[in-house]
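> sequence first, then the predicted structure, then my questions.
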Amino acid sequence: MTLPGEPGSCSSQIGQMMMEGLWEVIGQTDTAELSAVVRQSSPRIVNFPAAEQSNLSFDDLSTIQFALESLYGRLGGQGIALQAGRTAGSQIFRRYGEQMGLQALDFRLLPGPHRVRVGLSTLVIKISELCCNRFIMSENPDAWFWQNPFCPVCWQRQSDAPACYFMVGILQEFLSTISGGKLFNVVETECRAVGETACIFRIDKQALEE
């Protein structure tokens, strides 16, 4: 697979997972509200959540977050996007865990911190594939960092604060799943929507309950 240097569209899978996440959070109790989000987002999103979505552009994914904040206020929209991301994080593990080697005995027997690092390294490859855009992982003694200069979640948005809560939710839930339920602090420290050159997510190496 060739990952482009410029953004275009995400795979149908990531768009589907975003819509299924929104269905889990708001659609089951208020389909009218979810319909309003869709109407403000993209005409390509159809027959949610059952039908597979066609590849969604970066503009589509970014507009979904904007629509949530317009309808529910900034904090409410961010909270819904975070929860939808957590649903997507668990879906990634269920759908691709075996393919990613995360259900193999060798992986499950790794020491906790090493298991988390290997899981994140594998996830960064899968997310790059799903978003058709390369994410880069680095680390220091205290944290791991994910960096993406063409983030699909905030593409061409302007904000006075980091806006990629869907991606934060994916990371939080995926880490909890592979670590046996531990919670890790995930913070977006830089965001293109604020005017930075890339979106950067910091993941503390020490779990919150430790």
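Ah, there it is. Nothing here was measured: the structure is a model prediction, and the numbers come from that model.
> all helices for the protein, in order.
Under the criterion DSSP state H, the chain contains helices at 12-22, 31-41, 58-96, 105-108, 112-131, 165-178.
> the first one versus helix 165-178: what angle between them?
Angular relation of helix 12-22 and helix 165-178 on a 0 to 180 degree scale: 90 degrees, by axes from the mean of the first three to the mean of the last three Cα atoms, to 10 degrees.
> what of the fifth one?
Angular relation of helix 112-131 and helix 165-178 on a 0 to 180 degree scale: 140 degrees, by the same axes, to 10 degrees.
> low-confidence stretches in the protein?
Along the chain, the parts satisfying pLDDT under 70 run over 1-12, 27-56, 210.
> so for it, the centremost residue is which one?
Centroid-nearest residue in the chain: residue 167, 2.8 Å away (criterion: Cα atoms, centre = their mean).
> now the closest residue to it other than its chain neighbours: how far from residue 66?
Excluding its sequence neighbours, the residue lying closest to residue 167 (Cβ to Cβ, 6 or more residues apart in numbering) is residue 153, at 5.4 Å. C-beta here means a position set from N, CA and C on the backbone, and glycine is covered the same way. To residue 66, residue 153 is 10 Å away according to Cβ to Cβ, to the nearest Å.
> ok, now residue 83?
17 Å.
> next one: residue 77
From residue 77 to residue 66 the distance is 8 Å (Cβ to Cβ).
> between the two, which has more neighbouring residues?
Set residue 77 next to residue 66 and count neighbours by other Cβ atoms under 10 Å: residue 77 wins out with 21 against 18.
> OK, contacts around that one?
Applying Cβ atoms under 8 Å, 6 or more residues apart in numbering to residue 77 gives the contacts 65, 67, 68, 69, 70, 71.
> among the residues you listed, which one sits closest to residue 182?
Using Cβ to Cβ, residue 65 comes nearest to residue 182 of the contacts of residue 77, at 27.2 Å.
> show me the contacts for the closest one.
77, 81, 153, 154, 157, 163, 164, 165, 166.
> let me know the closest of those to residue 197.
Of the contacts of residue 65, the one sitting nearest to residue 197 (Cβ to Cβ) turns out to be residue 154, at 12.9 Å.
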